[in-house]
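Novice: got a predicted structure here, sequence first:
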Amino acid sequence: MSKNRNGHAYGRPILLHDFEGMRQEAQREASELLVKVLADLPTAHAAPAPPAPSPLWGDTVSSYLAWGASQGGKHGSGGWERVHADQIARRLRFWTQQLHPATLADITLLKVEGAVPRIPGASTKTKRDYLSSLSAFCRWCERHDLIDRNPLRNLSLPSKEPDKDYRALTAAEFQAILHVAPAPRRTFYLASALTGLRRKELLRVQVEALDVPGACLRLRKAGTKSRRNQSVPVPPALLAELAKLAKGRKGNEPLLKPLKITNHISRQFQVDREAAKVAYRTAEGYAVLTSLRDCRATLLQAQGATLTETQALMRHSDVRITAEHYTTVGNGRLHELSANLEASLCGTGTRDEGSKKRTGFQPKRTGMGGGRTGTRTPDLVGVIHAL
């Protein structure tokens, strides 16, 4: 080893070519690492796969209607009823005409909301029905993996509240309508008021549902709104009338078929109402076919039935429906309670016995013993005998 003049040892100077081997080794290791990374991530630089084509609108609608006809009913009750199936097909046909979709991808929330003003009919319920049908179709497509996401998931439906307030008929108004209505419709009105069945439920009741010994109608779940088996008590006079209609007929036939009642019964009710000179609109609301069912609930409450009993007879799933929508207190009863309160608090006189006559009917009391003074029976039940 050489030494400088100061006596310190020093080696050979490091030259640039000494790093050539190190550089080549580093390049080889980097290349091997890059090959390994690319092998572990084979799709990192691959081109994205093209999206799957969206199903055709017309074919999907046809599949949906076929599915509904075979298994679209509530609670596994089979397919849609014919009337409901026709309504769904008509509403989807409207959306086809308005949106002109070629595929499911053409349905967007903005387009649907823009077509709402063109929905036929001005009522809120009609608009809600049309939107609900399209929304249900989109949910069905999402559930069957035909689309990734429901395009109407953020759709706001119109309120369920009706545009008009319907009122309960008084017993006097009900009797007036019965006296002018033809015999077939008179029987239908009686059955509606005395059983509380809805229009569609009444038209679906079969002969085999009439249980004469048990004095009731035994409804199958397929024919009720709640899709549950139910038993509805039938008063004696109406029971005899229904037994005449059922005599000698097959069990699977509609019980009221001889009456030839159609879906136009709501319009025919208005004809009978006008003939009976019953007011269509009052301070309480409008008189429509549903008023027969409201009349039943209100009179049951007025004759002493508890809210729970009224709920059971009206076949409501929630007692709040009975309390908020189907039972009303007449002004006469409110004046009676107010006068009685004044008499009790202020000693201004005796209670007004004449005010016991409540709006629309005169209750009768029959001694039953126990905590209550008796059971009140409205004149409504006696109407059948008078006819």
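Specialist: Alright, I've got the coordinates.
Novice: CA atoms for contacts and neighbours, from now on please.
Specialist: OK.
Novice: domains of this protein?
Specialist: Domain ranges of the chain: 57-143, 171-326, per automatic domain parsing.
Novice: least confident of those domains, on average?
Specialist: Lowest mean pLDDT within the domains of the chain: domain 171-326, at a mean of 87.
Novice: please state the offset of it from the chain centre?
Specialist: 20 Å (Cα atoms, centre = their mean, to the nearest Å).
Novice: use 316 as the first number from now on
Specialist: Shifting the count to begin at 316 puts that one at domain 486-641.
Novice: for Ala491, what are its contacts?
Specialist: For Ala491, the contact set (Cα atoms under 8 Å, 6 or more residues apart in numbering) comprises Ala591, Val593.
Novice: surely it is in a helix?
Specialist: Yes: counting by DSSP: H, G, I helix; E, B strand; the rest coil, Ala491 is part of a helix.
Novice: which residues in the stretch 366-515 of the chain form helices?
Specialist: 372-386, 397-414, 424-430, 439-458, 486-495, 498-510, 514-519 (DSSP state H, counting those that start in this stretch).
Novice: and what of the stretch 566-702 of the chain?
Specialist: According to DSSP H, counting those that start in this stretch, the helices that the stretch 566-702 of the chain contains are 580-590, 606-617, 622-629, 634-636, 646-661, 698-701.
Novice: could the ones you listed go into a markdown table alongside distance to Gly373 and mean neighbour count?
Specialist: Below are those laid out as a markdown table (distance: least, Cα to Cα, whole Å; neighbours: other Cα atoms under 10 Å):
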| stretch | distance to Gly373 | mean neighbour count |
| --- | --- | --- |
| helix 580-590 | 35 | 16 |
| helix 606-617 | 41 | 24 |
| helix 622-629 | 42 | 18 |
| helix 634-636 | 40 | 14 |
| helix 646-661 | 56 | 14 |
| helix 698-701 | 53 | 12 |
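Novice: of all these, which lies closest to Leu461?
Specialist: helix 634-636 (37.9 Å; Cα to Cα).
Novice: in terms of secondary structure, what does the closest one contact?
Specialist: Judged by 3 or more Cα pairs under 8 Å, 6 or more residues apart in numbering; DSSP states H and E, helix 634-636 is in contact with helix 622-629.
Novice: what's in contact with the helix it packs on?
Specialist: Contacts of helix 622-629 (Cα under 8 Å, 6+ apart): Gly511, Val547, Ala612, Leu615, Gln616, Ser632, Asp633, Val634, Thr637, Ala638.
Novice: same check on stretch 530-548?
Specialist: Counting by Cα under 8 Å, 6+ apart, residues outside stretch 530-548 touching it are 389-390, 392, 510, 516, 519-520, 524-526, 549-551, 554, 628, 632.
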